[in-house]
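Trainee: Predicted model follows, preceded by the sequence.
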Amino acid sequence: MFFKRATLFTCFGFKVKADLSWVFLSLLIYWMLATNTFPRLIPGHHPDVYQLMSLSALGLLMVSIIAHEVAHAVIAEYYQMPIESITLFIFGGVAEMKGEPSHPKGEFFMALAGPAMSALLGGIFYGAYQTYLIYMPAGPTSEVLHFLGLLNILIAGFNVIPAFPLDGGRALRAVIWKVKGNLVLATRIASSLGAVFSYALLGYAVWLILQYNDVMSGMWTGIMGLFLHAAGGYNVRQTENRSLLASETVARFMHNRIVTVTPDLTINEMVDQYVYKHYQKAFPVLEKDKLVGVVTLQALLSLDRHKWHWLHVGSVMERPSADNTIAIDAGAYDALDLMQSQGREMLMVTGEDARFMGVISFRDLAAFLSITMKIDHDKPVTESRKA
């Protein structure tokens with residue numbers, strides 16, 4: 001659901017990453033503040049003043065969003081629900097959990113921690129604004145504080161709307177989970193309610209455009225509605241997939257019907273003797289049954305063909321790592337999650353001492369999930385972990 005991410009820093013032990021879409025959002029916010037919002041609120045100042053105000057507001061807004069997500073993460077960790085990282089993206093931020101929440105109480109308080117932090121920050125900024133006006137005349141500084149106070153309160157209010165996957169929707173899912181005793185069923189119900197809200201946003205977007213000719217606000221509201229609808233559906237699928245694969249291991253889906261190569265082959269030899277004959281997109285590289293790497297067709301095509309006659313597989317292969325291999329006794333959902341996060345079609349499966357056992361493919365896991373859901377749509381519900 002995100003684009004390429006870059007790690008910015010670590011906060012309270014959590015990695016804070018920025019999605020490329022956050023750059024777009026930051027530039028858009030800066031432009032709107034510097035050219036429209038602040039000049040309209042306090043006219044008559046030099047453009048440099050508006051630019052400085054916009055930079056200050058944008059920086060403090062970023063701090064506010066990170067604080068919102070850190071609040072989620074701290075409460076999640078308190079309830080033994082590990083957070084992998086915090087990612088800033090086009091619609092704000094998200095604290096990415098490793099797996100599903102372990103129990104409804106933890107998810108409920110984790111979900112509300114973020115809006116509570118935003119409301120607290122809103123109060124702090126608004127209090128600073130009121131205090132500033134006691135000693136100083138209204139101006140650029142007070143306007144930035146006022147803007148941040150109102151914006152944080154707006155963020156808190158929007159997020160507590162009980163529309164999954166917003167924070168309020170996650171809190172609602174926790175309540176339904178507690179009552180029904182089933183996470184998958186709770187996710188389906190909460191997502192359905194979230195879909196209603198997303199349709200309302202889309203309708204509001206159309207109304208803004210047709211009634212007021214406000215294309216910018218309408219477009220942004222419509223995009224938000226589409227995103228919430230897609231995110232809700234994605235969460236349902238992830239929860240169902242985790243439920244179906246919870247008791248399965250990599251060993252069940254692994255197969256060794258794959259051609260391997262050795263590191264001493266030249267690229268020419270590999271292409272002529274293996275690629276043209278077996279049509280694989282990736283070839284495990286073995287040395288005495290031990291996995292030493294993997295070479296992909298994409299990697300070969302990126303090489304200068306004039307060098308194929310002397311370059312060897314061992315010099316261009318990708319070394320085994322946590323990003324391309326998985327243990328044979330690992331969970332099947334962990335394999336699926338890894339392939340999705342890394343954009344891979346398959347993983348190398350290893351046993352003891354890095355011994356190559358076979359491969360597990362995204363296609364096989366996806367086929368299993370698709371067939372299982374078609375045969376029995378209620379299976380994830382009946383087999384879901386009880387609260």
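Mentor: All right, it came through fine. Residues are numbered from 1 along each chain as shown.
Trainee: Relative to the whole chain's centre, how far out is stretch 210-217?
Mentor: 30 Å (C-alpha atoms, centre = their mean, to the nearest Å).
Trainee: hmm, who's touching it?
Mentor: If you take C-beta atoms under 8 Å, 6 or more residues apart in numbering as the criterion, stretch 210-217 is touched by 205, 208-209. C-betas here are computed from N, CA, C, even on glycine.
Trainee: give me the low-pLDDT residue ranges for the stretch 151-300 of the chain?
Mentor: Of all residues in the stretch 151-300 of the chain, none has pLDDT under 70.
Trainee: And the helices in it?
Mentor: For the stretch 151-300 of the chain, the helices defined by DSSP state H, counting those that start in this stretch occupy 167-180, 183-212, 215-245, 250-253, 267-270, 276-278, 297-301.
Trainee: any residues touching the first one, and which ones?
Mentor: Among residues not part of helix 167-180, those counted as contacts by C-beta under 8 Å, 6+ apart are 72, 101, 104-105, 107-108, 110-112, 114-115, 159-164, 183, 185-187, 189-190, 193-194, 232, 387.
Trainee: now swap in the last one and tell me
Mentor: With C-beta under 8 Å, 6+ apart as the contact definition, helix 297-301 has outside contacts at 267, 270-271, 275, 280-282, 316-318.
Trainee: Show me how to select, in ChimeraX, the buried members of those.
Mentor: Per 16 or more other C-beta atoms under 10 Å, the buried members of these correspond to this ChimeraX selection:
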select :267,270,271,275,280,282,316,317
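Trainee: what's the closest of the contacts of helix 297-301 to G127?
Mentor: Nearest to G127, judged by C-beta to C-beta, of the contacts of helix 297-301 is E318 at 53.9 Å.
Trainee: before we move on, the earlier item: of the helices of the stretch 151-300 of the chain, which is nearest S21?
Mentor: Nearest of the helices of the stretch 151-300 of the chain (C-beta to C-beta): helix 215-245, 10.5 Å.
Trainee: Can you mark which positions in that closest one are buried?
Mentor: By 16+ other C-beta under 10 Å, the buried positions in helix 215-245 come out as 218, 221-222, 224-225, 227-229, 231-232, 235-236, 238-245.
Trainee: just so I know, which of the helices of the stretch 151-300 of the chain lies nearest M346?
Mentor: M346 lies closest to helix 250-253 among the helices of the stretch 151-300 of the chain, at 10.5 Å (C-beta to C-beta).
Trainee: Point out the other helices and strands that the closest one packs with.
Mentor: Contact here means 3 or more C-beta pairs under 8 Å, 6 or more residues apart in numbering; DSSP states H and E; on that basis helix 250-253 packs against helix 332-342, strand 356-361, helix 362-375.
Trainee: Pick the most deeply packed of the ones you listed.
Mentor: Mean neighbour counts were compared across these using mean count of other C-beta atoms under 10 Å; the top stretch is strand 356-361, at a mean of 22.
Trainee: So R363 sits against L336, correct?
Mentor: No: using C-beta atoms under 8 Å, R363 makes no contact with L336, being 11.2 Å away.
Trainee: Now do the buried residues in the helix or strand containing R40.
Mentor: Using DSSP states H and E, R40 falls within helix 38-41. Neighbour counts using 16+ other C-beta under 10 Å place 38-39 of helix 38-41 among the buried residues.
Trainee: Measure how far the helix or strand just after it is from the centre of its chain, please.
Mentor: Next along the chain after helix 38-41, taking DSSP H and E as the criterion, comes helix 47-78. For helix 47-78, the separation from the chain centroid amounts to 19 Å (computed by C-alpha atoms, centre = their mean).
Trainee: which helices and strands sit right next to helix 47-78?
Mentor: Using 3+ C-beta pairs under 8 Å, 6+ apart as the contact test, the elements touching helix 47-78 are strand 14-19, helix 20-32, helix 38-41, strand 83-89, strand 92-97, helix 104-135, helix 140-159.
Trainee: What mean pLDDT does it get?
Mentor: Across helix 47-78, pLDDT averages out at 94.
Trainee: follow-up on the earlier one: export the helices and strands packed on helix 250-253 to JSON lines and append columns for mean pLDDT and distance to R252.
Mentor: Shown next, in JSON lines, are the helices and strands packed on helix 250-253 (pLDDT from 0 to 100; distance: least, C-beta to C-beta, whole Å):
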{"stretch": "helix 332-342", "mean pLDDT": "90", "distance to R252": "7"}
{"stretch": "strand 356-361", "mean pLDDT": "95", "distance to R252": "9"}
{"stretch": "helix 362-375", "mean pLDDT": "91", "distance to R252": "9"}
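Trainee: which pair in the contacts of helix 297-301 spans the largest distance?
Mentor: The span of these, defined through C-beta to C-beta, is set by V271 and E318 at 17.2 Å.
Trainee: picking up where we left off before, just the buried residues of the contacts of helix 167-180.
Mentor: Buried members of these, counted by 16+ other C-beta under 10 Å: 72, 101, 104, 107-108, 110-112, 114-115, 159-164, 183, 185-187, 189-190, 193-194, 232, 387.
Trainee: if we can go back for a sec, out of the helices of the stretch 151-300 of the chain, the one nearest W22 is which?
Mentor: Judging those by C-beta to C-beta, what sits closest to W22 is helix 215-245, at 14.0 Å.
Trainee: Next, the angle from that closest one to helix 140-159.
Mentor: In terms of direction (axes from the mean of the first three to the mean of the last three C-alpha atoms, to 10 degrees), helix 215-245 departs from helix 140-159 by 40 degrees.
Trainee: Helix 215-245 versus helix 183-212: what angle between them?
Mentor: Using the same axes, to 10 degrees, helix 215-245 lies at 170 degrees relative to helix 183-212.
Trainee: and stretch 201-216, which residues are buried?
Mentor: Within stretch 201-216, the residues that qualify as buried are 201-202, 204-205, 208-209, counting by 16+ other C-beta under 10 Å.
Trainee: likewise stretch 257-265?
Mentor: Using 16+ other C-beta under 10 Å as the test for burial, stretch 257-265 gives 258, 260-263, 265.
Trainee: Out of those residues, which comes closest to W31?
Mentor: I258 (51.1 Å).
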